[in-house]
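Participant: structure of the sequence below:
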Amino acid sequence: MPRIIPALALVLALGSAFVTTIGVSVTAQAAAPPDPTVAALSRLSGSAFDIAFLQTLIPLHEEAVEIAMAATLNADHSELLKWNQRMVERKNAEVRRMLTWLQQAGKSPSRRMVGVASAPVKQMRALKGAALERVYLPLMAGRLEQTAALGRLAAAKATQADLKAFGTQLARVDGQEAKMLRGWLRAWYAAPAGN
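Facilitator: This next block holds a predicted model:
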C-alpha cells in the first residue's frame, strides 16, 4: 500500500501537468492567427522593409478612408460621424506623408485604393443605421488593429528615424481607436468583447 500512494501521487502530478499543457495549447490555438501582411513584412529588413511597409500601408489607409466615407452616409451615432471625419483627415494626411517618403526614395505605391469601391465599401453603402454600425465598428476596429500591428513593426524595424516615430504613433493612435470602436460596439449594441 505505501508504494501505491507515491505512484498515485506521480500519476496525479503527471495528469495535472498534462491537463495544464493541453490548456496552454488550446489557449494558444484559440488566439488569433498571425496577420499574413505583418508576417510577410517581418521577414524584411533595411530599406526593403521601409519601402514595403509604405507600399503596404498606403492602400490600407486609402481603403479605410473609402469605407469610412461610405459608412458616414448612413451611420446613426453622432460620435461615430465625428470620429469618421477625424479619422479620414488623419489617414489622408498620413498617406500624403508616406507618398512623400516613397517619392524621396525613388519609389511609388504598389497600388492605390482611392475611389475604389471594394467589397467592404459596397457593403457599407448597402447598409443603414444600426445594421451598418454593427458591421462597420468591428470591421474598422480590425483594420485599425492591423495598422497598429504594422506600426509596432515599423517602430522596431524601420531604418529611418522619422519612419520609426511614425510607426510608434500609428501603433498608439490606431490601437487606442480600435479599443474605442469596440467599446462603442459593446455600449451601443451589447456586443461581446471579441467583436
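Participant: tell me where the protein has helices.
Facilitator: In the chain, the segments counted as helices under DSSP state H are 4-30, 36-42, 46-72, 78-104, 119-126, 129-157, 161-189.
Participant: how far does the fourth one sit from its chain's centre?
Facilitator: For helix 78-104, the gap between its own C-alpha mean and the chain's C-alpha mean amounts to 16 Å (Cα atoms, centre = their mean, to the nearest Å).
Participant: what's that helix packed up against?
Facilitator: In terms of contacts (3 or more Cβ pairs under 8 Å, 6 or more residues apart in numbering; DSSP states H and E), helix 78-104 is packed against helix 46-72, helix 129-157, helix 161-189. For every residue, glycine as well, the C-beta is placed using N, CA and C.
Participant: tell me the buried residues in that helix?
Facilitator: Neighbour counts over helix 78-104 (16 or more other Cβ atoms under 10 Å) mark 80, 83-84, 87-88, 90-91, 94-95, 98-99, 101-102 as buried.
Participant: what's the closest of the helices of the chain to Met113?
Facilitator: Among the helices of the chain, helix 46-72 comes nearest to Met113, with 3.7 Å by Cβ to Cβ.
Participant: let me know the angle separating the closest one from helix 129-157.
Facilitator: Angle between the axes of helix 46-72 and helix 129-157 is 170 degrees (criterion: axes from the mean of the first three to the mean of the last three Cα atoms, to 10 degrees).
Participant: output the contacting helices and strands for helix 46-72.
Facilitator: When contacts are defined as 3+ Cβ pairs under 8 Å, 6+ apart, helix 46-72 sits against helix 36-42, helix 78-104, helix 119-126, helix 129-157, helix 161-189.
Participant: can we see that at 6 Å?
Facilitator: Counting contacts by 3 or more Cβ pairs under 6 Å, 6 or more residues apart in numbering; DSSP states H and E, helix 46-72 is packed against helix 78-104, helix 119-126, helix 129-157.
Participant: show me what the second one is packed up against.
Facilitator: Packed against helix 119-126 by the contact rule (3+ Cβ pairs under 6 Å, 6+ apart) you find helix 46-72.
Participant: relative to Thr147, how far out is the residue nearest to Lys179 when sequence neighbours are not counted?
Facilitator: The shortest distance from Lys179 to any non-neighbouring residue, by Cβ to Cβ, 6 or more residues apart in numbering, is to Ala141 (7.9 Å). Noted for Ala141: a distance of 11 Å to Thr147, by Cβ to Cβ, to the nearest Å.
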